[in-house]
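**Q** Okay, sequence plus prediction incoming.
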Amino acid sequence: MTFLQPILLATLAACGLTTVLAGLLLVAERYLVRYGTCRIDVNAGGRVLEVEGGQSLLASLMGQSIFIPSACGGRGTCAYCKLKVLEGGGPVAPTELPLLTEQEVADNVRISCQVKVRNDVRIEVPEPLLSVREYRGVVERIRDLTHDIKELRIRLVEPREIDFTAGQYVQLEAPAYGDNPEPVYRAYSMSSVPSEKAAIELILRLVPGGICTTWVFTILKEGDEVTFNGPYGGFRLSDTGSGMVWIAGGSGMAPFWSMVRHMKQQGLARPCRYFFGAVKQRDLFLVDELRQLEKELDWFTFTPALSGPTDGDEWPGERGRITEVVAKHVADGSELEAYLCGSPGMIDAAAAVLRGKGITEERTYFDKFG
Amino acid sequence: MKQTPEERRVLERMAPGVLCREGFLGEDPRPLQEILDTDGARVEALGATHEEIARHLREAYEDAAMGFGNEVPVAGGRLRAVWHEAMGFIPSPWGDGARFPKGEVELTDPRTARALRYTPLSVHMIARYGFYQGRGSRYRVEPDQVVAFFGLDRRGE
């Protein structure tokens, strides 16, 4: 064994030395290396930003008020912050590869939170994202809609107004609290009407173990200041004028609650049948308000349906899974458009039923939670 | 034992507050590799495999998801399951690019009244890494329990 000792010692020494050198390099990069001012060319000269090098591309853009969707706070896991980096992004990092398809790599798509700005870069940002802003607001009201769904009303402070389209969403920031060391952002559709620019309303369902909803349900209170950015998303009414089928469950109510009131305000009389699925009566909300709209608007019908067992749940309305109820009420969908918001399973099942009714994929719009 | 940079990144993502409020390791003080080795050895001793456990859990999840919040029979009617949907997707802490709907499956064995909770992400991590999460984690799946639930114990064969 003694002849092995020098080899073992040499190996250990080499490993130790390598570790120390790697550590020194990391420290040096963090504290000593100065990349100086770097230029970020956005959309072929559309905007040219000057930033201090060394930060991630995502953080550099946020620092210049360009907000790219990101749910994981820049940890390289959610893959929402994809952008085209045409020049200067360096090689694709190992942390990016699992999040990119081969085609995306070929198209210069990068995970912007994993790209460090070390020199001048050229990037492409989808135009709608350039109008996204960060907002500060104050919680004006928190209302229980069901046992596990709340409505959050936020009065804007800075900027004082927001422009959005019914169906779009914002990213609400949950600050560091408890065991959560850093702020995170989570996406929620706005349920308020676009004409009300000085405040927004969100509908949130408690997610077991969820960072943001737990914060809203247990810590956030009226009068607290909150931060969000937006608006985002392409889930919105088409301009075709075709008749529509809307299908939602749970907090998927939010965009439709915004859309129907927006249509009423704007006099957009488009035939619309809204199906809302829940398990029990205690899971239903805004039913009285929607029934009232049904009376006022001859183009709008609202059909809530319960899929749970009947025991002790007096319910004169529709019963069955929402897909069954839709199948029963929609005869010919060949001239209709469909709008769906809810869990991926519900959307997939409902979309399959709608196909059978003649509503093509091209005329089906959906917002799969998240 | 030294961690590779990749292992360190995985552990960082598994910490509380990173991808979910409680993280994936619960109060388990053991190193990740020890958790994997211990659970792997236990599954093997029971005569089961990670892949078949994951397959049964996945099938139960898919059946439960079609119940839209209602309890449905799964595993040939021997078990009951309900899918509690939630908004959003959660990425795998292993950095493999996989994302899964949030929400949880509540699986019950009516004969014993025992229940276990898991997520679509749990199924992925069991199938791909043999990771059943740390002790005390909200979605820790005990190998003995899940093997008993689906009748996969082959020690007597």
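**A** Sure, I can see it. Quantities reported herein were computed from a predicted structural model and do not represent experimental measurements.
**Q** which stretches of chain B form helices?
**A** Using DSSP state H, the helices of chain B run over residues B:5-14, B:32-45, B:50-65, B:120-129, B:143-149.
**Q** by contact count, what packs against the last one?
**A** Under the contact criterion of 3 or more Cβ pairs under 8 Å, 6 or more residues apart in numbering or on different chains; DSSP states H and E, the helices and strands touching helix B:143-149 comprise helix B:32-45, helix B:50-65, strand B:114-118. For the C-beta atoms, the positions are set from N, CA and C on the backbone; glycine is no exception.
**Q** which one of the ones you listed is the most hemmed in?
**A** helix B:50-65 (a mean of 20; mean count of other Cβ atoms under 10 Å in any protein chain shown).
**Q** quick one: it to strand B:114-118, angle?
**A** Orientation of helix B:50-65 against strand B:114-118 (axes from the mean of the first three to the mean of the last three Cα atoms, to 10 degrees) gives an angle of 90 degrees.
**Q** Put the alpha carbons of helix B:50-65 into PDB.
**A** Provided in PDB are the C-alpha atoms of helix B:50-65 (Å, rounded to 0.1, in the frame of the first residue of the first chain):
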ATOM      1  CA  HIS B  50     -38.800   3.000 -10.400                       C
ATOM      2  CA  GLU B  51     -40.200   2.800 -13.900                       C
ATOM      3  CA  GLU B  52     -43.200   0.600 -12.900                       C
ATOM      4  CA  ILE B  53     -43.900   2.600  -9.800                       C
ATOM      5  CA  ALA B  54     -43.900   5.800 -12.000                       C
ATOM      6  CA  ARG B  55     -46.100   4.100 -14.600                       C
ATOM      7  CA  HIS B  56     -48.800   3.200 -12.100                       C
ATOM      8  CA  LEU B  57     -48.600   6.700 -10.600                       C
ATOM      9  CA  ARG B  58     -48.800   8.300 -14.000                       C
ATOM     10  CA  GLU B  59     -51.800   6.200 -15.000                       C
ATOM     11  CA  ALA B  60     -53.600   7.100 -11.800                       C
ATOM     12  CA  TYR B  61     -52.900  10.800 -12.400                       C
ATOM     13  CA  GLU B  62     -54.200  10.700 -15.900                       C
ATOM     14  CA  ASP B  63     -57.400   9.000 -14.900                       C
ATOM     15  CA  ALA B  64     -57.800  11.400 -11.900                       C
ATOM     16  CA  ALA B  65     -57.300  14.400 -14.100                       C
END
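**Q** Specify the angle between that helix and helix B:120-129 in degrees.
**A** 160 degrees.
**Q** helices or strands next to helix B:50-65 in the packing?
**A** Helices and strands touching helix B:50-65, as assessed by 3+ Cβ pairs under 8 Å, 6+ apart, comprise helix B:32-45, strand B:72-74, strand B:79-91, strand B:99-109, helix B:120-129, helix B:143-149.
**Q** Worst mean pLDDT among those?
**A** Among the helices and strands packed on helix B:50-65, strand B:79-91 has the lowest mean pLDDT, at a mean of 88.
**Q** Distance check, the nearest residue to residue A:162 once chain neighbours are set aside against residue A:155.
**A** Leaving out its chain neighbours, the residue that sits closest to residue A:162 by Cβ to Cβ, 6 or more residues apart in numbering or on different chains is residue A:197, at 5.8 Å. As judged by Cβ to Cβ, to the nearest Å, residue A:197 and residue A:155 stand 11 Å apart.
**Q** Likewise for residue B:68?
**A** 35 Å.
**Q** Comparing the two, which residue is more hemmed in?
**A** residue B:68 (29 against 13; other Cβ atoms under 10 Å in any protein chain shown).
**Q** Just confirm the more buried one contacts residue A:325, I think it does.
**A** No. The criterion here is Cβ atoms under 8 Å, and residue B:68 misses it with residue A:325 at 10.9 Å.
**Q** Need the residues touching each of those two.
**A** residue A:277 (Cβ atoms under 8 Å, 6 or more residues apart in numbering or on different chains).
**Q** interface residues of the stretch 151-300 of chain A facing chain B?
**A** Counting by Cβ under 8 Å from any Cβ of the partner chain, the stretch 151-300 of chain A comes close to chain B at A:176, A:178-182, A:184, A:186-188, A:204-211, A:213-214, A:249-251, A:277-279, A:283.
**Q** try 10 Å this time
**A** A:174, A:176-182, A:184, A:186-189, A:203-215, A:249-252, A:254, A:277-280, A:283 (Cβ under 10 Å from any Cβ of the partner chain).
**Q** from the residues you listed, which would you call buried?
**A** Among these, those that count as buried by neighbour count (16 or more other Cβ atoms under 10 Å in any protein chain shown) are A:174, A:177, A:180, A:184, A:186-189, A:203-215, A:249-252, A:254, A:277-280, A:283.
**Q** Give me the subset of these lying in helices.
**A** Counting by DSSP H, these contribute A:211, A:212, A:213, A:214, A:215, A:254 to helices.
**Q** Out of these, which comes closest to residue B:13?
**A** Comparing those against residue B:13 with Cβ to Cβ places residue A:211 closest, at 13.3 Å.
**Q** does the closest one really touch residue A:218, like I thought?
**A** No. Under the criterion of Cβ atoms under 10 Å, residue A:211 makes no contact with residue A:218, lying 11.4 Å away.
**Q** what residues are shared contacts of the two?
**A** Counting by Cβ atoms under 10 Å, 6 or more residues apart in numbering or on different chains, the common neighbours of residue A:211 and residue A:218 are A:177, A:178.
**Q** give the contact list for the residue nearest to residue A:259 when sequence neighbours are not counted.
**A** In this structure, residue A:259 finds its nearest non-sequential neighbour in residue A:166, 4.4 Å apart by Cβ to Cβ, 6+ apart. By Cβ under 10 Å, 6+ apart, the contact set of residue A:166 is A:189-195, A:235-237, A:255-263, A:265-266.
**Q** could you redo the last one with a cut-off of 8 Å?
**A** The contact partners of residue A:166, by Cβ under 8 Å, 6+ apart, come to A:190, A:193, A:194, A:236, A:237, A:255, A:258, A:259, A:262.
**Q** Turn these into TSV, including distance to residue A:53, neighbour count and pLDDT.
**A** Listed next are these as TSV, based on distance: Cβ to Cβ, whole Å; neighbours: other Cβ atoms under 10 Å in any protein chain shown; pLDDT from 0 to 100:
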residue	distance to residue A:53	neighbour count	pLDDT
A:190	36	28	97
A:193	44	21	98
A:194	39	21	98
A:236	38	18	94
A:237	43	20	96
A:255	40	27	97
A:258	42	26	98
A:259	44	25	98
A:262	44	19	98
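**Q** out of these, which one sits closest to chain B?
**A** residue A:255 (12.4 Å; Cβ to the nearest Cβ).
**Q** Just want the phi and psi numbers for residue A:225.
**A** Main-chain torsions, residue A:225, degrees, to the nearest 10: phi -90, psi 140.
**Q** For residue B:15, see how far away the residue of the stretch 101-250 of chain A found nearest chain B is.
**A** Using Cβ to the nearest Cβ, the closest approach of the stretch 101-250 of chain A to chain B is made by residue A:180 at 3.1 Å. Going from residue A:180 to residue B:15 by Cβ to Cβ gives 10 Å.
**Q** any idea how chain A splits into domains?
**A** Here the domain parsing of chain A from automatic domain parsing is A:37-129, A:132-232, A:243-368.
**Q** these two touch, right, residue A:338 and residue A:247?
**A** Yes. Between residue A:338 and residue A:247 there is a contact at 7.0 Å, judged by Cβ under 8 Å.
**Q** Kindly confirm my reading that residue A:352 is in a helix.
**A** Yes. Membership of residue A:352 in a helix is supported by DSSP: H, G, I helix; E, B strand; the rest coil.
**Q** ok so, going back, look at the residue nearest to residue A:259 and give its secondary structure.
**A** coil.
**Q** Now for chain A, the helix or strand with the poorest mean pLDDT.
**A** When each helix and strand of chain A is scored by mean pLDDT, DSSP states H and E, helix A:4-27 comes last, with a mean of 73.
**Q** ok, residue A:192 - contacts?
**A** By Cβ under 8 Å, 6+ apart, the neighbours of residue A:192 are A:153, A:199, A:200, A:201, A:258.
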